[in-house]
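Student: all I have is the shape, not the residue letters:
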Ligand code: GRF
C-alpha cells in the first residue's frame, strides 16, 4: 500500500476526497493516507483527520525561528511517516528545495484552474475564480501537477474542464471546480502510482 501524506491549510475537502477514494473508490487497495500535516491550528482538515482516525500534526511557522528549522521539521515528519507520495491540498506555503529534492517527482499539488492559465504567485482561492470570471472565460477547471520551485508550473498530471456561463459568479465557478477537484485528485494519484512508482 502506497503511503500518502497530505499537507493542507484549510477545509480539507480534497483530503476527504482522497480518504474516501481509499475507502470506497479508485485508491482502494492502492494507497492510504497515513498522516495529515497542517500549518494552521484552526484548519478544519485537522478535525477531518481526527474523525477518520488519521494521525495529524500541526507545524506552525511561527513556532520556529526561521524557515530552515520549520522546513526541517516538515521533512522530519514526512520521513518519520515513511511517505511515498506527498499531496498538497490547499496548502498555503511553498515547498522548500530540500523537501523537493528528497521527494523528487513525488509531490503533487492541485490548482483550481486550467494551468498554465490563472496560475502563479497570488493566484489562489477566490482570486483565481474572480480572474476567470473577469476575463470572460467560457471554461475553467482543475489541474493536478507536480510541485516544483515555482508556483503552479510543474508538469501536469491530469486536468478536467468545467463550463463557465456568462451569469456565473466566482463562487459558482469555485463550486463547480471543487467538484471536479474531488474527482481528479484521487485519479491523478492513481496515475502517478501506476506510471511512476510501480515501474
Ligand atoms: C482547492 O480549491 C484547491 O485547489 C486549492 O485550495 C482549495 C482547497 O480546498 N489549492 P480544500 O481545503 O481541499 O477544501
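Tutor: Right, received. Where do you want to start? Because the structure is a prediction, the values reported are computed rather than measured.
Student: C-alpha only now, for contacts and for neighbours.
Tutor: OK.
Student: flag every buried residue along the lengthiest helix in the chain.
Tutor: Ranked by number of residues, the top helix in the chain under DSSP state H is helix 170-192. Within helix 170-192, the residues that qualify as buried are 170, 173-174, 176-190, 192, counting by 16 or more other Cα atoms under 10 Å.
Student: if the closest residue to residue 84 other than its chain neighbours is in a bridge, with which residues?
Tutor: Leaving aside its sequence neighbours, residue 84 sits nearest to residue 3 (Cα to Cα, 6 or more residues apart in numbering; 5.1 Å). Taking DSSP bridges as the rule, residue 3 bridges to residue 32.
Student: for residue 103, what are its contacts?
Tutor: Residue 103 sits next to 85-86 when contact means Cα atoms under 8 Å, 6 or more residues apart in numbering.
Student: what does the chain have sitting close to the ligand?
Tutor: 10-15, 89-90, 110-112, 125, 178 (Cα under 6 Å from any ligand atom).
Student: I'd say residue 57 and residue 40 touch.
Tutor: No. With contact defined as Cα atoms under 8 Å, residue 57 and residue 40 do not form a contacting pair (9.9 Å).
Student: contacts for stretch 84-96?
Tutor: In contact with stretch 84-96 (Cα under 8 Å, 6+ apart) are residues 2-10, 12, 14-15, 38, 71, 103, 106-110, 147-149, 151.
Student: how about that stretch: buried residues?
Tutor: Neighbour-count burial for stretch 84-96 [16+ other Cα under 10 Å]: 84-92, 95-96.
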